[in-house]
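# Turn this into a model:
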Amino acid sequence: MEKITWEMSAEEAKGSARAAFIKKIYELAKTNDSICLVNCDCSPDGSVQDKFSKEFGDRFIDTGIMEQNACGLAAGLALSGKTVFCQAFGPFLSTRAIEFVYLDGAYNDAPVTYIGTHCGVTAAAGPTHAAVLDIAFMRSMPNMTVISPADAGQIEKVMEAAVDYPHPIYVRCARGEEPLVYKTNDYPYEIGKAIIAREGKDVTLIGCGNGVHQCVVAAELLEREGSDARVIDMHTIAPLDKEAIYAAMRETKGIVTCEDHMVNGGLGSAVAEVVSECEDPSLRIPVKRLGLPITEFFIQGSPEEVYAYYGYDYNGVCKATKELLGR
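I've put the predicted structure just below:
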């Protein structure tokens, strides 16, 4: 579990993970002839994907809106020794193509890096174009690693780590720009190892994806009211860094999780499983999970409106934390 000690970046500083990951893949492909890119209707004229196709030719395949075919092709290429990145809209990669990810990818332990864009509610197009069950689906698969990077800088680190990773990976990212979490990208990153983005001794806030930013801002607001909150960037949901959770159980009074995903099956459920299954009952602490409810399809609105409506923006994290500490 790595610890980050620098001050967080300003809230208004933003970056696009969707733009960052493809630029990184393009850079890596310049010096690695085994890298292939398979995508689904994601290569408009002038895009980096278009540039990739023109420069690297037979190492690029665009299947159009046929996500199942893309996932099957990607697995075949990976099993033949290629380093494969497969890009598609997360809502369709994690639902329409799920059988192909499960059987062609996970079942064969094919080292494909599947990248879902427009994840969570960031497409702002309602439930039909939202990937809000993807973590639950993907982390249920044997062999599958699930990563939700905290910001645009971190997704570049994920792409670098994925090149030599021997198992399939599912990476989720937002549609557009989101707040940056880290002031600099000069920090160690390892798949499966959580990062302490902020130290604290009263309560632990655990986020993934944009949820890390919500936790960081909430921790700063809570500090003004006298509460010392630890923030953990749990970028890898499977395999989960259990040691980071055990440390939170030993050293703080409760855990609040935050994710742009259904509250069941995602990060919050993974953390709650670790806490509930701890063999030492004296270490168990309360866990509050924040995310989308399972009782309804979420409302139409911008991502920020949806976060606030369902209480998993930084104000919601503050509210849930104060209620938890008041027990």
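# CA atoms of the host helix or strand of residue 114 as CSV?
Here residue 114 sits within strand 112-117, counting by DSSP states H and E. Provided in CSV are the C-alpha atoms of strand 112-117 (Å, rounded to 0.1, in the frame of the first residue of the first chain):
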residue,chain,number,x,y,z
VAL,A,112,-6.5,-8.5,-23.0
THR,A,113,-6.9,-5.0,-21.5
TYR,A,114,-10.6,-4.1,-22.0
ILE,A,115,-11.2,-0.4,-21.7
GLY,A,116,-14.7,0.8,-21.1
THR,A,117,-15.4,4.5,-21.7
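# Residue numbering should commence at 154 henceforth.
Understood, numbering begins at 154; the last thing we discussed is strand 265-270.
# Tell me which other helices or strands the helix or strand following it touches.
Following strand 265-270 in sequence order, the next helix or strand is helix 287-292 (DSSP H and E). Here helix 287-292 touches strand 298-300, strand 322-325, strand 389-391, strand 408-415, helix 420-429, going by 3 or more C-beta pairs under 8 Å, 6 or more residues apart in numbering; DSSP states H and E. In this view, the C-beta of every residue, glycine as well, is placed from N, C-alpha and C.
# which other helices and strands contact the strand holding residue 267?
Looks like strand 265-270 contacts helix 220-232, strand 236-242, helix 243-246, strand 322-325 (3+ C-beta pairs under 8 Å, 6+ apart).
# Could you state which residue of this structure sits nearest its centroid?
Residue closest to the average C-alpha location in the chain (C-alpha atoms, centre = their mean): residue 301, at 1.0 Å.
# ok now do that one, which residues does it touch?
Shown in contact with residue 301 (C-beta atoms under 8 Å, 6 or more residues apart in numbering): 272, 288, 324, 325, 361, 362, 388, 390, 412, 420.
# what do you get for residue 402?
Here residue 402 is in contact with 408, 428, 431, 436, 437, 438 (criterion: C-beta under 8 Å, 6+ apart).
# Out of these, grab the one that's most surrounded.
residue 408 (26 neighbours; other C-beta atoms under 10 Å).
# Quick check: that one touching residue 355?
No: counting by C-beta atoms under 8 Å, residue 408 sits too far from residue 355 to count as a contact (11.5 Å).
# so what sits against both of the two?
By C-beta under 8 Å, 6+ apart, no residue touches both residue 408 and residue 355.
# Please report phi then psi for residue 188.
The phi/psi pair for residue 188 (degrees, to the nearest 10) reads phi -70, psi 130.
# returning to that earlier point: quick check, pLDDT for the residue nearest to the centre of the chain.
You'll see residue 301 listed with a pLDDT of 98.
# Please determine how far it is located from residue 432.
To residue 432, residue 301 is 28 Å away according to C-beta to C-beta, to the nearest Å.
# what's the domain layout of this structure?
166-332, 348-475 (automatic domain parsing).
# burial measure for residue 204, as a count.
There are 15 residues near residue 204, going by other C-beta under 10 Å.
# Wasn't it part of a helix?
Yes: when classified by DSSP: H, G, I helix; E, B strand; the rest coil, residue 204 is found to be part of a helix.
# Tabulate the helices and strands packed on helix 287-292 in TSV, adding columns for distance to residue 470.
TSV is the format used below for those (distance: least, C-beta to C-beta, whole Å):
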stretch	distance to residue 470
strand 298-300	22
strand 322-325	20
strand 389-391	18
strand 408-415	5
helix 420-429	12
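# Could you single out the most deeply buried of those?
strand 408-415 (a mean of 29; mean count of other C-beta atoms under 10 Å).
# Convert the C-alpha atoms of that strand to PDB, please.
C-alpha atoms of strand 408-415 as PDB (Å, rounded to 0.1, in the frame of the first residue of the first chain):
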ATOM      1  CA  ILE A 408     -15.400   3.300   6.600                       C
ATOM      2  CA  VAL A 409     -17.400   5.200   4.000                       C
ATOM      3  CA  THR A 410     -17.100   4.100   0.400                       C
ATOM      4  CA  CYS A 411     -17.900   6.200  -2.700                       C
ATOM      5  CA  GLU A 412     -18.300   5.000  -6.300                       C
ATOM      6  CA  ASP A 413     -20.100   6.000  -9.500                       C
ATOM      7  CA  HIS A 414     -21.800   2.500  -9.600                       C
ATOM      8  CA  MET A 415     -24.700   0.700  -8.200                       C
END
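# Which residue ranges of the stretch 304-453 of the chain form strands?
Assigned by DSSP state E, counting those that start in this stretch, the stretch 304-453 of the chain shows strands spanning 322-325, 330-332, 348-351, 356-360, 382-386, 389-391, 408-415, 440-445.
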